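1. Pasting a predicted model and its sequence here:
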Amino acid sequence: MSNEKKQWDPSQLRKYDINLEQISRYDYNDPRVDELMSQNKPVIIENSSVVASAKKWNLDYLEKYMGNGDYTVFLSRNHKFKYYDDKKVAKINNGDVGKNIEFTQPTKKVDMKLPEFLKRLKEWKRGDDRLYLQQGLNNTVGSEIVRDFLNFDWNFCNSKQAKHNWGPLTYNLLLIAMEGNVTPCHYDEQQNLFAQIYGYKRCILFPPSQFECLYPYPVYHPHDRQSMVDFDRPEYSKFPKFKEAKGYEAVVGPGDVLYIPIYWWHHIESLMRGGHTITVNFWYKDGPSSSISYPLRDYQKVAIMRNIEKMLQDVLKDPREVGPLLRTMVLGRFT
Ligand SMILES: O=C(O)C(=O)C[C@H](CCCc1ccccc1)C(=O)O
Ligand SMILES: [Zn+2]
């Protein structure tokens, strides 16, 4: 029994009816970390110094040193912050994808100065919009934050990038969430070192092979890459295979780095009654796949399905014709 005080309690986790297994945790120099990463499997990397220079980051420090730039903040009427692609919203609004498709944005995206964000966080009360700051770290931040950023353990990150043949680093997203905020289940087309800095987040991951259980929105949809299943109220009649989903979960705290492999589904929640959370992620493009080897990996099949959907959408224009055409092509012929 570890003698340090328990940092969180299971009652702070939202209850879902999902079969879950724990994600392994290893010290940063344990060889099993690279073993799992090379198999594109998730792992929690403990005691690394990836974001050790940000250990001192708290809201006061950030307010003092984050500079006077505008930050992207999402507002939500509920605890869920479902991501949507602005470009795809525009395509729907200018009728590019058929006539009567309308989309209502589930969250509002606003620009906010950090002091205003922190003020609204502190004064938040039930019934108010929830807030979630999600901002790529850039050169508008103050020099102290730049120094902390430059003092991230880039040797560690670069060594993982090289060893696992990842492409270039594209983004470091700074995430400041309210307690209880949820980013619903989705996948990204990037490798991800998810570095937890302050507070605790519960992460539920599913492998790309569970595509059939998680029912992603069509690729043309603004919620492309997100699951259509509402984990709070799953509609099993519409999404029967969700019952068969088998996930992997972990609660990450300060200093933990979760490797979220490319194309792996992930649902992320800031623990209820756990205070605000601060995370910095490291998104890397996938590396140049040297040569196609068989059998194809599950994530490669997801990429193939995405390409087929895009092509059909381009030629058919109306998304309502894609389903019928695919059914005509498959039913009775490829079953
Ligand atoms: O690091 C990741 O990949 C996460 O999903 C972290 C997640 C917020 C990400 C929001 C988002 C989702 C899709 C596209 C762009 C931005 C969280 O921690 O709440
Ligand atoms: Zn993500």
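-> Perfect, thanks for sending it. Ligands and ions are numbered 1, 2, ... in the order given.
2. Contact partners for E249?
-> L20, E21, Q22, I23, R202, C203, I204, L205 (CB atoms under 8 Å, 6 or more residues apart in numbering). Yep, even glycine has a C-beta here, placed from its N, CA and C like the rest.
3. check which helix or strand covers it.
-> strand 246-252 (DSSP states H and E).
4. Can you name every helix or strand that the helix or strand immediately after that strand in the chain contacts?
-> Using DSSP H and E, the helix or strand that follows strand 246-252 towards the C-terminus is strand 257-260. When contacts are defined as 3 or more CB pairs under 8 Å, 6 or more residues apart in numbering; DSSP states H and E, strand 257-260 packs onto helix 31-38, strand 43-46, strand 191-198, strand 201-206.
5. what's the closest of these to ligand 1?
-> strand 191-198 (5.2 Å; CB to the nearest ligand atom).
6. mind listing what the closest one pairs with, with the direction of each?
-> For strand 191-198, the pairing partners within the sheet under DSSP bridges are strand 257-260 (antiparallel), strand 277-284 (antiparallel).
7. rewinding a little: L62 is nearest to which of the helices and strands packed on strand 257-260?
-> Among the helices and strands packed on strand 257-260, the nearest to L62 by CB to CB is strand 191-198 (9.7 Å).
8. so the closest one versus helix 31-38, what angle?
-> 130 degrees (axes from the mean of the first three to the mean of the last three CA atoms, to 10 degrees).
9. How far off centre is strand 191-198?
-> 10 Å (CA atoms, centre = their mean, to the nearest Å).
10. Need the residues that contact that strand.
-> Counting by CB under 8 Å, 6+ apart, 50-51, 54-55, 57-58, 157, 160, 164, 166, 203, 252-262, 276-286 sit against strand 191-198.
11. So among those, which ones count as buried?
-> With neighbours counted by 16 or more other CB atoms under 10 Å, those contain buried members at 50-51, 54, 57, 157, 160, 164, 166, 203, 252-262, 276-284, 286.
12. from those residues, which are also near ligand 1?
-> T279, N281 (CB under 6 Å from any ligand atom).
13. quick one: contacts for Y215?
-> S227, M228, V229, K238, F239, K241, F242.
14. Quick one: which of these is the most crowded by neighbours?
-> S227 (26 neighbours; other CB atoms under 10 Å).
15. Centre-most residue in this protein?
-> By CA atoms, centre = their mean, the chain has its centre lying nearest to H266, at 5.8 Å.
16. is it true that that residue lies in a helix?
-> No. Counting by DSSP: H, G, I helix; E, B strand; the rest coil, H266 is not found in a helix; it is strand.
17. which non-adjacent residue is nearest it?
-> L205 (4.9 Å; CB to CB, 6 or more residues apart in numbering).
18. per-residue pLDDT, the one you found?
-> Looking at L205, its pLDDT is 99.
19. And for the one 4 residues further on?
-> For S209, the pLDDT comes out at 98.
20. what's the spacing between the nearest residue to it once chain neighbours are set aside and M305?
-> Nearest residue to S209, sequence neighbours excluded (CB to CB, 6+ apart): D298, at 4.1 Å. Using CB to CB, to the nearest Å, D298 is found at 11 Å from M305.
21. Need the overlap of contacts for these two.
-> Going by CB under 8 Å, 6+ apart, residues that sit against D298 and also against M305 are F211.
22. List the residues that contact K80.
-> P106, V182, T183, P184, D232 are the contacts of K80 under CB under 8 Å, 6+ apart.
23. so what does the helix or strand where the fourth one lies touch, helix or strand wise?
-> Counting by DSSP H and E, the element that carries P184 is strand 182-186. The contact analysis (3+ CB pairs under 8 Å, 6+ apart) places strand 182-186 against strand 265-270.
24. average pLDDT across the strand it packs on?
-> 99.
25. what pLDDT does S293 get?
-> 89.
26. so how far is ligand 1 from it?
-> Here the criterion is CB to the nearest ligand atom, to the nearest Å. By it, S293 lies 27 Å from ligand 1.
27. In terms of helices and strands, where is that residue?
-> Going by DSSP H and E, S293 is not part of any helix or strand.
28. Tell me how many other residues surround it.
-> 9.
29. Distance check, it against N19.
-> With CB to CB as the criterion, S293 and N19 are 31 Å apart.
30. Y26 too?
-> Taken as CB to CB, the span from Y26 to N19 is 23 Å.
31. Just want to know which of these two has more residues nearby.
-> The residue with more neighbours, out of Y26 and N19, is Y26; 17 against 10, by other CB under 10 Å.
32. okay but the more buried one is in contact with R32, surely?
-> Yes. Shown here, Y26 and R32 form a contact pair, counting by CB atoms under 8 Å, at 5.0 Å.
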